[in-house]
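*Asks:* okay, sequence plus prediction incoming.
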Amino acid sequence: MRTTTTTVPHVKTVLPGPKAKAIIERDGRVVSPSYTRDYPFVIAKGEGAVVEDVDGNVFLDCTAGIAVTSTGHSHPEVVRAIVEQAQTFLHMSGTDFYYERQVRLAEELSAIAPMPGPHRSFFGNSGTEANEAALKLAKYYTKRHGIIAFYGAFHGRTMGSLSVTASKVAQRRGFAPMVPGVYHAPYPDPYRAPAGASPEACAAEALRFIEQQLFVHLVPPDEIAAVIVEPIQGEGGYIVPPHAFLQQLRELTTRYGILLVVDEVQSGMGRTGRMFAVEHAGVEPDIVTIGKGIASGLPLGVATARADVMSWPPGSHASTFGGNPVACAAALATIRLLREGVMKNAEVVGAHLLEGLRGLMEKHALVGDVRGRGLMIGLELVRDRQTKERATDERNALVRGCFERGLLVLGAGRNAIRLSPPLVLTRQQADTAVEILDQALGAISPR
Ligand SMILES: Cc1ncc(COP(=O)(O)O)c(C=O)c1O
């Protein structure tokens, strides 16, 4: 798609251009209005970290379709694997039959899982299905019914996952009652720790809440099946907790016979420079849930568990399409590419991007915090660095301003933007992203 003479980005029409506008108008008549579109981007094609819209405008993509196209848009080796499998057979259902690619993917997942084996994997089609499977499995295995999750968490939108999600009220409004037996605890946010408190003290406070509030006033620990946690909160604002939080959570869950479910749907598959973000803290979960980047854009969700935990009998859980052979082929190619250098690139280019973005803090008072690991980076915007008043309108304006300058980013939380580009982003593209953010920030006047 790109020629050496094409500059990236290159916006040549008013946005949206005429073709994009026409498609958006049709969409408005027939597609569910529940989707949240922050700006009118209508893709025509993509390659690596570059996408072109239907009017020929070229954008640098720092969203990867919400952290999905891990090896870049339409990586040739992923496409080859998909085509080969598609030409062989499209579907047979791993629920009722066997095919070797699903077995091989389970073997590969066992090789990269963040806890010692043996393991078993359950295949679904999305992140929310991976979490549904994990929650059901935890209940089945422990014969307990309670689940602890965290404020700010996003685990998906089907009823089980939605019940543990505590991100935005709009996601829950009108859908009560939720699945019973779910309790929420604070998630440690080092940037918003009480004045003078260290990140570790902030982590200890969250753990104390579970032991001194939940376990004293609301539910005995022996009724809790699992704690589900994002090692870096994604939709919640790309919040990176101190290592001590995950380490102490592991200790607490082990002490009470509670399973630790780590939701790596957004943070996993090399995004943070390690295969799974929980590895940075040296923590071994009982179940890890995986989605988004695992198949570079094909729908796949997996719950991988310790083999002794995944002991449910035939018929207890399954999915017609889960672990579709084409998605498995894409995942196998993705894992190989991650191992062969793409994950390393996320670490190296991620560090470079983080440094460039931290430089913006010196010029723009609006940027209160820059944080992240690898290519999972958040910028939190505030109206005042002392009070940390959330700059939500300014964040929305920044997302839009970047789009108009040819950079795709998404919001996260109430006042952060996230950069979750394909993991093949180059240093030069990272520099371009920083330049555009610099210009777009310069055009925003804090209220
Ligand atoms: C951490 C996390 N878990 C689960 C999900 C749900 O994934 P899906 O939209 O594929 O159901 C998401 C999606 O954003 C996520 O970020």
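*Replies:* Structure received.

*Asks:* what sits against residue 295?
*Replies:* 327-328, 330-331, 334 (C-beta atoms under 8 Å, 6 or more residues apart in numbering). For every residue, glycine as well, the C-beta is placed using N, CA and C.

*Asks:* for the residues you listed, which one is nearest residue 424?
*Replies:* For these, the residue nearest residue 424 by C-beta to C-beta is residue 334; the value is 11.5 Å.

*Asks:* before we move on, back to that, which of the contacts of residue 295 lies closest to residue 270?
*Replies:* Residue 270 has its nearest neighbour among the contacts of residue 295 in residue 334, at 8.8 Å by C-beta to C-beta.

*Asks:* contact residues of the stretch 101-250 of the chain facing the ligand?
*Replies:* For the stretch 101-250 of the chain, the contact set with the ligand under C-beta under 6 Å from any ligand atom comprises 126-128, 131, 154-156, 230, 234-235.

*Asks:* which secondary structure elements does the top helix by length along the chain contact?
*Replies:* The longest helix of the chain (DSSP state H) is helix 343-363. Here helix 343-363 touches strand 367-373, strand 376-381, helix 427-442, going by 3 or more C-beta pairs under 8 Å, 6 or more residues apart in numbering; DSSP states H and E.

*Asks:* of all these, which one is nearest the ligand?
*Replies:* The ligand lies closest to strand 376-381 among those, at 10.6 Å (C-beta to the nearest ligand atom).

*Asks:* ok, that closest one: who's next to it in the sheet?
*Replies:* According to DSSP bridges, strand 376-381 forms sheet pairs with strand 367-373 (antiparallel), strand 416-419 (antiparallel).

*Asks:* dump those to CSV, plus distance to the ligand.
*Replies:* As requested, those are exported to CSV (distance: least, C-beta to the nearest ligand atom, whole Å):
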stretch, distance to the ligand
strand 367-373, 14
strand 416-419, 10
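
*Asks:* need those in JSON lines (columns: mean pLDDT and mean neighbour count).
*Replies:* Formatted as JSON lines, the strands paired with strand 376-381 follow (pLDDT from 0 to 100; neighbours: other C-beta atoms under 10 Å):
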{"stretch": "strand 367-373", "mean pLDDT": "98", "mean neighbour count": "22"}
{"stretch": "strand 416-419", "mean pLDDT": "98", "mean neighbour count": "26"}
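
*Asks:* to residue 13, which of the ones you listed lies closest?
*Replies:* strand 416-419 (24.1 Å).

*Asks:* which residue does the stretch 51-200 of the chain bring closest to the ligand?
*Replies:* Closest point on the stretch 51-200 of the chain to the ligand, by C-beta to the nearest ligand atom, is residue 127, at 2.3 Å.

*Asks:* burial check on that residue, number of neighbours?
*Replies:* Neighbours of residue 127 under the rule other C-beta atoms under 10 Å: 31.

*Asks:* so it sits right up against residue 289, yeah?
*Replies:* Yes. Using C-beta atoms under 8 Å, residue 127 is in contact with residue 289, at 7.0 Å.

*Asks:* quick one: common contacting residues for the two?
*Replies:* Shared contacts of residue 127 and residue 289, defined by C-beta under 8 Å, 6+ apart, are found at 263, 265, 301.

*Asks:* and which of those residues is nearest residue 30?
*Replies:* residue 301 (26.7 Å).

*Asks:* contacting residues for the closest residue in space to that closest one that isn't next to it in sequence?
*Replies:* Take residue 301 and drop its neighbours on the chain: the residue closest to it by C-beta to C-beta, 6 or more residues apart in numbering is residue 130, 3.6 Å away. If you count contacts by C-beta under 8 Å, 6+ apart, residue 130 has them with 122, 124, 265, 289-291, 301-303.

*Asks:* most neighbours among those residues, which one?
*Replies:* Neighbour counts for those, by other C-beta under 10 Å, peak at residue 289, which reaches 32 neighbours.
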